[in-house]
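> Provide a 3D model corresponding to the input given below.
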Amino acid sequence: MSLSKGNIAEEKACEFLKLQGFEIIEKNYYAKKLGEIDIIAKKENIYHFIEVKSANEYEIAVNNISSSKLYKLKRSISYYLQNKKLDVDYCLDAIIIVEQEIEFLENITF
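Now for the predicted structure:
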């Protein structure tokens with residue numbers, strides 16, 4: 001079975017997060033018509049909703065996190081929290097993967 005580039009990046013991101021002490025809660029959570037959350041993880045009782053982007057160049061990967069993407073993620077996070085009946089501290093993060101380099105951007109702005 002062949003994994004897509006996106007799936008490979010998400011697997012790398014999950015391994016990275018585990019090494020940083022995160023517990024992976026869910027992967028590829030689909031929030032109805034709102035969109036998908038790549039990774040939901042938890043560390044020190046804070047939920048982290050993580051968007052994973054990979055590209056051959058850092059700028060391309062970062063610029064793929066557009067304001068419309070952030071808006072959809074915010075709505076998807078709200079849906080997830082309501083659906084799971086959670087009242088928790090949370091933040092939106094990004095993991096950027098370029099070749100073998102991984103950068104973790106915590107608490108990116110809505």
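> Hmm, residue 39 is touching residue 52, no?
Yes - in this structure, residue 39 is within contact of residue 52 by CB atoms under 8 Å, at 6.5 Å. In short, each C-beta sits where N, CA and C put it, glycine included.
> hey, what's in contact with both of the two?
The overlap between the contact sets of residue 39 and residue 52 (CB atoms under 8 Å, 6 or more residues apart in numbering) consists of 10, 13, 95.
> Filter those down to the ones in helices?
Counting by DSSP state H, the shared contacts of residue 39 and residue 52 place 10, 13 in helices.
> Just the buried residues out of the shared contacts of residue 39 and residue 52, in ChimeraX syntax.
Of those, the buried ones can be selected in ChimeraX as follows, counting by 16 or more other CB atoms under 10 Å:
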select :10,13,95
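> Format the shared contacts of residue 39 and residue 52 as JSON lines; extra columns: distance to residue 109.
Listed next are the shared contacts of residue 39 and residue 52 as JSON lines, based on distance: CB to CB, whole Å:
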{"residue": "10", "distance to residue 109": "23"}
{"residue": "13", "distance to residue 109": "20"}
{"residue": "95", "distance to residue 109": "16"}
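> ok, the shared contacts of residue 39 and residue 52 vs residue 26, which is closest?
residue 10 (11.6 Å; CB to CB).
> what's the neighbour count on the nearest residue to the closest one once chain neighbours are set aside?
Leaving out its chain neighbours, the residue that sits closest to residue 10 by CB to CB, 6 or more residues apart in numbering is residue 52, at 5.1 Å. Other residues near residue 52 come to 23 when the count uses other CB atoms under 10 Å.
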